[in-house]
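**Student:** what's the 3D shape of this:
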Amino acid sequence: MTLVNDAAPAMRSTGRKFRAFTAKHLDELTARAGLSPAQRLATRAVATVLPFRTNAYVVDELIDWTAAPDDPIYRLVFPMEDMLPAEDVARLSDLLAREAPKAEVEAAAHAVRMKLNPHPAGQMELNIPSFGDGKIPGMQHKYDETVLYFPKQGQTCHAYCTYCFRWAQFVGEPDLKMAGDEPAALRDYLLAHPEVTSVLFTGGDAMIMGEPVLRRYVEPLLDLEQLESIRIGTKSLAYWPQKFVTDPDADDMLRLFEQVVESGKNLAFMAHFTHPRELEPLMVTEACRRIRDTGAIIRTQAPLIRTINDDPRTWETMWRTQTRMGLVPYYMFVERDTGPQDYFAVPLADAYEIFRDAYSNVSGLARTVRGPSMSATPGKVCVDGVLDMSGEKVFALHFIQARDSALVGKPFFAKYDPEAVWLDDLKPAFADRFPFQG
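**Tutor:** All right, here's what the predicted structure looks like:
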């Protein structure tokens, strides 16, 4: 097979080896951001509860250290002392300051985690199907057409986003983690469920895996006629674009992508870009070009996050840039009801205004994007607008996707609440209950 990308540009010689920074580097890095000793201690306290990991590319290429700690990319990857309740941070800070035993610190951190809704939207109770003699580890099946799979080797990321709703995957607690290592079981499940037309490899980040490991999961699916698409959920284009340009297995990975496309399936990269700065490096442009040249489609998505991207100009800039790069704007999400939601959440009324203002300033090619969308327990709920109906101010909503497929596309209404940040905060309008409440 001849790879479209075999004629590599000179840029490829500029790659460097991946270097991760973890919690043990926090004091040094937060000092660089100008934090006081007390602030650095509080940051370390938060990092006992929520995961921290970044890398040299993010630190050196994306963060504006002259603006830290207010820089949006800094806030995207570094824990902040006010992400958790003050009393919890004080308790953990005290344990760290007096060098309490590791087990005592971990027990206190665990108690805080359990208050943060580690698995929202019924992921553990409602999404994991039974099959054969039991449940298949690392699998979720929420919507008829789509199965999610969490490869064991892909349950980390090149860097962690502070808002990530999958944070529970990364804190070292086995009971909170979803991971599977049974490609044959995944294939058998799909064969037994012909309604499934799409598989999404997620995590963590599937692109943390090397090509031989990813191939173990992907290749057995290529002869399944029922599958229309294979999706890869990834932040790698933002956090480590070298994966597709200068890493040792970059060419082999792209050949695997070509193989997927040649099998007659749509290979969709669900690429997370949270801020326009992540799109600026030339390495990102080259990585996107190489992926697109395999026949894969790159769709972009991100949540709306307070203090990071909560203004329409940021989203307009992202969508315009992505369109120029040949990427397809896909989703603006609402921050999920997990982790430090109170710190990051934007009220639904404001989210709609931000979406509308950005959407109204881009061309039709960028209006492929949908949102603001809540991935809630009954499904993906889109906020379509704020209306005055019969003298009552209401939210207009509809299901983009739903557990009950009969609800997809049907509009419904909720009473207007300027403080509401999630579906559970809303009350039905013109009815006693919402359609999904039976």
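
**Student:** Is the nearest residue to residue 299 once chain neighbours are set aside in a helix, a strand, or coil?
**Tutor:** Once flanking residues are discounted, residue 299 sits nearest to residue 330: 3.9 Å by C-beta to C-beta, 6 or more residues apart in numbering. Placement of C-beta: from N, CA and C, glycine included. Of the three states, residue 330 takes strand under DSSP: H, G, I helix; E, B strand; the rest coil.

**Student:** quick one: residue 330 and residue 241, what's the gap?
**Tutor:** In this view, residue 330 and residue 241 are 19 Å apart by C-beta to C-beta, to the nearest Å.

**Student:** Show me which of those two is the more surrounded one.
**Tutor:** More crowded of residue 330 and residue 241, by other C-beta atoms under 10 Å: residue 241, with 26 against 21.

**Student:** can you pull the contacts of that one?
**Tutor:** Going by C-beta atoms under 8 Å, 6 or more residues apart in numbering, residue 241 touches 57, 281, 283, 284, 286, 287, 288.

**Student:** Try it again at 6 Å.
**Tutor:** 283, 284, 287 (C-beta atoms under 6 Å, 6 or more residues apart in numbering).

**Student:** ChimeraX command to pick out the buried ones of these?
**Tutor:** Selecting only the buried entries of these in ChimeraX, with 16 or more other C-beta atoms under 10 Å as the criterion:
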select :283,284,287
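
**Student:** could you dump the contacts of residue 241 to a markdown table with pLDDT and secondary structure?
**Tutor:** A markdown table is the format used below for these (pLDDT from 0 to 100; DSSP: H, G, I helix; E, B strand; the rest coil):
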| residue | pLDDT | secondary structure |
| --- | --- | --- |
| 283 | 97 | helix |
| 284 | 98 | helix |
| 287 | 98 | helix |
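
**Student:** From the contacts of residue 241, pick the one nearest residue 336.
**Tutor:** Among the contacts of residue 241, residue 284 lies closest to residue 336 (C-beta to C-beta), at 25.9 Å.

**Student:** Spell out which residues sit in contact with the closest one, please.
**Tutor:** Residue 284 neighbours (C-beta under 6 Å, 6+ apart): residue 241.

**Student:** phi, psi of residue 382?
**Tutor:** Reported as degrees, to the nearest 10, the phi and psi values for residue 382 are phi -100, psi 130.

**Student:** What of the one 4 residues further on?
**Tutor:** In this entry, residue 386 is assigned phi and psi values of phi -120, psi 120 (degrees, to the nearest 10).

**Student:** what's across from it in the sheet?
**Tutor:** Legend: beta-bridge partners of residue 386 under DSSP bridges are residue 395.

**Student:** would you list every one of the helices in the stretch 51-200 of the chain?
**Tutor:** 56-57, 72-77, 86-97, 102-113, 123-126, 183-192 (DSSP state H, counting those that start in this stretch).

**Student:** I'd say residue 378 and residue 437 touch.
**Tutor:** No: counting by C-beta atoms under 6 Å, residue 378 stays clear of residue 437, with 8.4 Å between them.

**Student:** more crowded one of these two?
**Tutor:** More crowded of residue 378 and residue 437, by other C-beta under 10 Å: residue 378, with 21 against 9.

**Student:** give the contact list for the more buried one.
**Tutor:** 402, 403, 436 are the contacts of residue 378 under C-beta under 6 Å, 6+ apart.

**Student:** Give me the distance between the closest residue to it other than its chain neighbours and residue 414.
**Tutor:** Nearest non-adjacent residue to residue 378, counting by C-beta to C-beta, 6+ apart: residue 436, 3.9 Å away. Using C-beta to C-beta, residue 436 is found at 12 Å from residue 414.

**Student:** So the two - more neighbours on which side?
**Tutor:** With neighbours defined as other C-beta under 10 Å, residue 436 and residue 414 compare such that residue 414 has more, 22 against 18.

**Student:** That's all I had, so thanks and see you.
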